[in-house]
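>>> Structure for the following, please:
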Amino acid sequence: MGVIVARCLGAEGRGLIAVYFVSLQLILSLTNWGATSSFSYFMSKKGYSIQDISSIQSILYLLTSFISVIALVIIYYEQDILSNWIITLLVLASIFPQRYIGSTNAFALSQRNIAKLNYAEIIPVIVEFVLVVVFVLFLNGGLVTYFLIVLISNLANALHAYLWVRNIEGYRFFVFDFKLFKEKGWPVVRKGFEFALPLFVMSLNYRANVLIINHFMDKKDVGIFSVAMSLSLLLWTIPDVLKSIIFSYSVSSKDPVVFSHKLWQNTLKLMIATLPLIVFIGVAAPYFIPFFYGSEFVSASTALIILLPGTYLMVFFKLLNGDLAARGFPLVAMKVFSVSALANIAANIIMIPRLGIIGAAIASSVCYAFAALYYTWDYYRLTFRTPQTA
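Next comes the predicted model:
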């Protein structure tokens, strides 16, 4: 799908899409308030009922959605893209279905309903791909068409989520019990913030560089770098699916120490098994990027090769963080990635004006690698040297 968008809309169009959606995902990662993990935690560990959580969900849904809208408008103004008002409205509208999907996944997590979690990942991709092929590739739709397609795919996913979650006994949406929220909601918010803040800080590590490139360079450069970044992040596809499953099993595990030991062993095996794939991608990048994306994106291959070591090592974090958070240590990631984010942003600001997107790739990859290795050491220490829960 990324190939179709790049071919049809060019590097500049791809760059504008990246600026819009990077800003959106940064805001959603923070204002999500860790709803998925927090809701699942309180249902599994604290005995909260479906009715309790669904009522809390309703209040947080409206609150965080409107905060997201306001924050995103401010960012778009600062990025000088607010004048594209039709696209801006389409992106702002997508906040509401995405926020609903994120919080609804908690019910699937608490019930270990892995199929529903997989559907939540697959449905928007399938809908978006089909519509992009039809309306962008064959009917030559432009940027507005693409953003409309993204909104439709999110709405389809939200509808699917509602159709299955409404059948859960005790589920109620848009039922506002403020007395219940005062009693039980604030602990959920506080715990959710512990889950959300480290993930927001971590997302700064691999999203802020796009906004910094947009500040110093033009949309075409943003588009070229976004191709390299999106290809490198494909390494996280499977870990991103597994992390919610790992959190679900860890938070409800009767013997978390045994679970953590098995997870560590399996993570090492996966990292060793995928290493040849990383080498292959690096060798093939100068050939397949121009072939699929076009000569306009040829410089993305160098950026991709530089990004690969850092994004590969980040798989450690992606797989291990769900377990450590479920054991009561969500802020370990906060400590590691706060330092990494500050270093990454500073390095990007220094290197992008001098080296362009290559500077962004070097700064990002080095910071990813150090953060991932330090976090992995923390996980090992807390698992094998002090095997306990917080």
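
>>> tell me the pLDDT at Ser252?
At Ser252, the model reports a pLDDT of 57.

>>> again with Tyr171
pLDDT, Tyr171: 77.

>>> Any idea which helix or strand in this protein has the lowest mean pLDDT?
Lowest mean confidence among the helices and strands of the chain (mean pLDDT, DSSP states H and E): helix 237-251, at a mean of 63.

>>> buried stuff in the helix or strand following that helix?
Following helix 237-251 in sequence order, the next helix or strand is helix 256-293 (DSSP states H and E). Neighbour-count burial for helix 256-293, counted by 16 or more other Cβ atoms under 10 Å, picks out 256, 259-260, 263-264, 267, 270-271, 278, 281-282, 285, 289-290, 293. In short, each C-beta sits where N, CA and C put it, glycine included.

>>> check contacts around Asn205.
Phe337, Ser340, Ala341, Asn344, Ser364, Cys367, Tyr368, Ala371 (Cβ atoms under 8 Å, 6 or more residues apart in numbering).

>>> Output the below-cut-off pLDDT ranges for the stretch 201-350 of the chain.
238, 240-254, 330 (pLDDT under 70).

>>> Recalculate using a threshold of 90.
201-207, 233-271, 273-274, 277, 315-338 (pLDDT under 90).

>>> which of the residues in the helix or strand hosting Leu89 are buried?
Leu89 belongs to helix 85-110 when assigned by DSSP H and E. Residues of helix 85-110 classed as buried: 87-88, 90-92, 94-110 (neighbour count, 16+ other Cβ under 10 Å).

>>> so what secondary structure elements neighbour it?
Applying 3 or more Cβ pairs under 8 Å, 6 or more residues apart in numbering; DSSP states H and E, one finds that helix 85-110 contacts helix 2-31, helix 35-45, helix 50-78, helix 114-131, helix 143-165, helix 237-251.

>>> how far away is Ala208 from Gln25?
Distance, Ala208 to Gln25, using Cβ to Cβ, to the nearest Å: 11 Å.

>>> Which of these two has more residues huddled nearby?
Using other Cβ atoms under 10 Å, the more surrounded residue of Ala208 and Gln25 is Ala208, with 19 against 13.

>>> what about the nearest residue to Val19 once chain neighbours are set aside, how many neighbours?
Using Cβ to Cβ, 6 or more residues apart in numbering and skipping the chain neighbours, the partner closest in space to Val19 is Asn214 (5.1 Å). Using other Cβ under 10 Å, Asn214 has 22 other residues around it.

>>> Show the contacting residues for Asn214.
Gly15, Val19, Gln79, Val222.

>>> switch the cut-off to 10 Å
By Cβ atoms under 10 Å, 6 or more residues apart in numbering, the contact list for Asn214 reads Gly15, Leu16, Ala18, Val19, Val22, Ser23, Gln79, Asp80, Ile81, Asp221, Val222, Phe225.

>>> That one: what secondary structure?
Recorded secondary structure, Asn214: helix (DSSP: H, G, I helix; E, B strand; the rest coil).

>>> same thing with Ser83?
coil.

>>> pretty sure it contacts Tyr76?
Yes. In this structure Ser83 lies within contact range of Tyr76 using Cβ atoms under 10 Å: 9.2 Å.

>>> Among those two, which residue is more densely surrounded?
Each of Ser83 and Tyr76 has its neighbours counted (other Cβ under 10 Å); Tyr76 has more, 22 against 9.

>>> who touches that one in this structure?
Taking Cβ under 10 Å, 6+ apart, one finds Val19, Tyr20, Ser23, Leu24, Leu82, Ser83, Asn84, Trp85, Ile87, Thr88, Val91, Leu92 in contact with Tyr76.

>>> And the contacts of Asn205, which is closest to Pro239?
Tyr368 (13.5 Å; Cβ to Cβ).

>>> Quick check: the closest one vs Arg385, distance?
In terms of Cβ to Cβ, Tyr368 sits 25 Å off from Arg385.

>>> swap in Phe216?
44 Å.

>>> neighbour count winner among those two?
A direct count of neighbours by other Cβ under 10 Å for Phe216 and Arg385 places Phe216 higher, at 15 against 7.

>>> can I assume that one is in contact with Val210?
No. At 11.5 Å, Phe216 does not count as touching Val210 under the criterion of Cβ under 10 Å.

>>> Pull up the overlap in contacts between the two.
Asn348, Ala360.

>>> Show me which pair in the contacts of Asn214 is furthest apart.
Most distant of these, by Cβ to Cβ, are Asp80 and Phe225, 18.1 Å apart.

>>> and stretch 209-228, how far apart are its ends?
Chord length of stretch 209-228, first to last residue, is 12 Å (Cα to Cα, to the nearest Å).

>>> in it, what's buried?
In stretch 209-228, the ones that count as buried by 16+ other Cβ under 10 Å are 209-214, 217, 219-228.

>>> Narrow those to those in helices?
In this view, the buried residues of stretch 209-228 that belong to helices under DSSP state H are 209-214, 219-228.

>>> so what's Met217 up against?
So Met217 contacts Gly15, Ile224, Phe225, Ile352, Pro353, Gly356, Ile357, Ala360 (Cβ under 10 Å, 6+ apart).

>>> looking at the protein, which residue ends up farthest from its center?
For the chain, the residue at maximal distance from the C-alpha centroid (Cα atoms, centre = their mean) is Lys179, at 32.8 Å.

>>> so who does that one touch?
Ser55, Gly185.

>>> ok now the helix or strand that contains it, how far from the chain's centre?
Using DSSP H and E, Lys179 sits within helix 178-180. Here the centre of helix 178-180 is set off from its chain's centre by 31 Å, with Cα atoms, centre = their mean, to the nearest Å.
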